[in-house]
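*Asks:* got a sequence here, can you model it:
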Amino acid sequence: MPASARLSSLVLAAGLVGVFAVHAVAQPAQNRRIRGVIEKLDGHVLTVKARDGADVTIKLADNYAVTAYTKAQLADIKVGSYIGVAGTPQPDGRQKAISITIFPESARGLGDGFRPWDLPNSTMTNAAVAEAVASPDGQTLKVKYKDGEKTILVPPATPIGQFSPGERTELKVGAAVAVPAVTKPDGSLESSRVGVGRDGFVPN
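*Replies:* As a prediction, the model looks like this:
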């Protein structure tokens, strides 16, 4: 392989690792995950209309990466798949899925475990699927991570997505985005990556 091709592959791999980390680890207290639609992109300054109606301005790093999220199906989740599940705890001990992201094989094991997430009363479980069975109220997945396991109820309407490298040209007005941003001491927001929905998919 030519040296230039090897370099391109390494840069792409490094970018994907950073993207995977966004899903793998719940955001620290000083960080925010901005979800909404693009209002404007002026150079490296991104303005997002957040889901609560607020206009949020985010300064993007010079080398910021874009990840494209596309819709997947429940049938794409197989025994052995490595997934990230945003969920809410249920009285019976299960987690009810809010959204599911299917990870590529290269990200298997990243962020493995169970932790709080940044949506109201939510958790994040990154784990491998050990069992998948139908149930009266939706599909049930048993997932296992290094320190334990969880049972996930997946209602029929649960958004399921997968992601891959995107292009900056996809950051258009009206596009749905999810942006992990760091809050600076002066209150401004900065980010090195933007997740954008493709073909109408809304990243979470």
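*Asks:* beta partners for the residue nearest to residue 90 when sequence neighbours are not counted?
*Replies:* Nearest non-adjacent residue to residue 90, counting by C-beta to C-beta, 6 or more residues apart in numbering: residue 96, 5.3 Å away. C-beta coordinates here come from the backbone N, C-alpha and C atoms, glycine included. Listed beta-bridge partners, residue 96: residue 88, residue 153 (assigned using DSSP bridges).
*Asks:* any idea how far residue 177 is from residue 129?
*Replies:* In this view, residue 177 and residue 129 are 28 Å apart by C-beta to C-beta, to the nearest Å.
*Asks:* please state the offset of stretch 37-51 from the chain centre?
*Replies:* 19 Å (C-alpha atoms, centre = their mean, to the nearest Å).
*Asks:* what are the contacting residues of that stretch?
*Replies:* 34-36, 55-62, 64, 171-177, 179, 191, 194 (C-beta atoms under 8 Å, 6 or more residues apart in numbering).
*Asks:* one more pass at 6 Å, please.
*Replies:* Contacts to stretch 37-51, defined as C-beta atoms under 6 Å, 6 or more residues apart in numbering, come from residues 34-36, 56-60, 171, 173-177.
*Asks:* let me see the ranges of the helices in the chain.
*Replies:* Counting by DSSP state H, the chain has helices at residues 3-24.
*Asks:* please parse it into its domains.
*Replies:* As assigned by automatic domain parsing, the chain contains the domains 3-70+162-197, 73-159.
*Asks:* where does the chain dip in pLDDT?
*Replies:* 1-30 (pLDDT under 70).
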